[in-house]
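> pasting a predicted model and its sequence here:
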Amino acid sequence: MSAFDAYCALQGMLEGAAYVDEPMARHTSYRIGGPADLFVECATVHDLTETFATLGKWGLPWVIVGKGSNLLVSDAGFRGAVVTLGRQFKSLTLPDEHAESGRLVAGGGVLLPNLVQSSFKNGLSGFEFAVGIPGTLGGALAMNAGSAEEWIGSKVATLTVVRPGEGLVRYYAEQLAWDYRSAGLPGGEVIVECELKVNRGNTAQIRARMEGVMNRRKKTQPLTKPSAGSVFRNPPKARAGQLIESVGLKGYTVGGAQVSELHANFIINNGSATATDVVAIIMEIRRRVKEEHGTELQPEIRFLGF
């Protein structure tokens, strides 16, 4: 297994770019993480297929990463390849401006905030619930991002993935087992494009709803501090944040990491946090909630390199 050999093989083959020993703190919303042995930005579907073939040849484990908005990377980094989506996957095509409903076609690398704003500016309704959610569309789809009332999977018409070793595969939304924080995709498939169902709406009403959602987020979530969003999934018939607060851990601090005073299901980076600090808080939360409530909280964030 040699990241450098894979890097050399990819040089001149990609329209994108590859780097060795890339600090992952540059690629996560936590601003935490050691180096990935190999970091590959794939500009095209061809880049993706060649990258997967090369990584397979050299026996390198890999992971797909968007903007790293729900990711905690080990301080030691990742002994493998991080793959991210570049140019071709950042396109967004709106439906006919005269149609009352239609399909919005977007690449997996489109930033979710850009999709929300483009929809609003063009009078398209349906994504107001997603205002303030960071990351890429591909990441949002993979974890079926949203609220208890609305989630992005309900807007999907079709989903196109790259299946390593096979190429492009298209799913219709009803073929996928959408669930809480899951699109039900087989492991190893990478979302590269999506058709989303949209309807025309009243721009003033769309704006008002977006402002209402954003104001609630600002009041209840620590948006000004680096974090990875909600750390734990909500258990059945309960809220993770309320359980954490009930055991007295709001404000609990280890090193530069802290349980947010605003929302107990957020662990923030106060500027000097390490992944070790964050993991220590996660373990203490799980221990205390299990001890006092009998509930085993399950992480919602992804871990890399541990």
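Now that the structure is in, tell me what you want to look at. Residues are numbered from 1 along each chain as shown.
> list the contacts of the closest residue to F303 other than its chain neighbours.
Closest residue to F303 apart from its sequence neighbours, by CB to CB, 6 or more residues apart in numbering: L72 at 5.5 Å. Just so you know, the C-beta spots here come from the backbone N, C-alpha and C atoms, and that holds for glycine as well. Taking CB atoms under 8 Å, 6 or more residues apart in numbering as the criterion, L72 is in contact with 28, 30, 32-33, 228, 275, 278-279, 301-304.
> the same query, at a cut-off of 7 Å, please.
Residues near L72 by CB atoms under 7 Å, 6 or more residues apart in numbering: 30, 32, 228, 275, 278, 301, 303.
> doesn't it belong to a strand?
Yes - read with DSSP: H, G, I helix; E, B strand; the rest coil, L72 is one of the residues of a strand.
> which of the contacts of L72 sits closest to A257?
Closest approach to A257 among the contacts of L72 (CB to CB): V278, at 4.8 Å.
> find the nearest non-adjacent residue to that closest one, please.
In space, V278 comes closest to A257 once its chain neighbours are excluded; the distance is 4.8 Å by CB to CB, 6+ apart.
> V279 is in contact with the one you found, correct?
No - A257 is beyond contact range of V279, at 9.0 Å (criterion: CB atoms under 7 Å).
> the two: which is more packed in?
For A257 and V279, the more surrounded residue by other CB atoms under 10 Å is A257, and the numbers stand at 26 against 18.
> quick check: that one vs M24, distance?
17 Å (CB to CB, to the nearest Å).
> residues near G102, how many?
If we define neighbours as other CB under 10 Å, then G102 has 19 of them.
> would it count as being in a helix?
No - if the criterion is three-state DSSP, then G102 is strand and not within a helix.
> residues contacting it?
By CB under 7 Å, 6+ apart, G102 lies in contact with 95-96, 198.
> likewise for D37?
When contacts are counted by CB under 7 Å, 6+ apart, D37 touches 3, 20-21, 78-81.
> 6 Å - rerun?
3, 79 (CB atoms under 6 Å, 6 or more residues apart in numbering).
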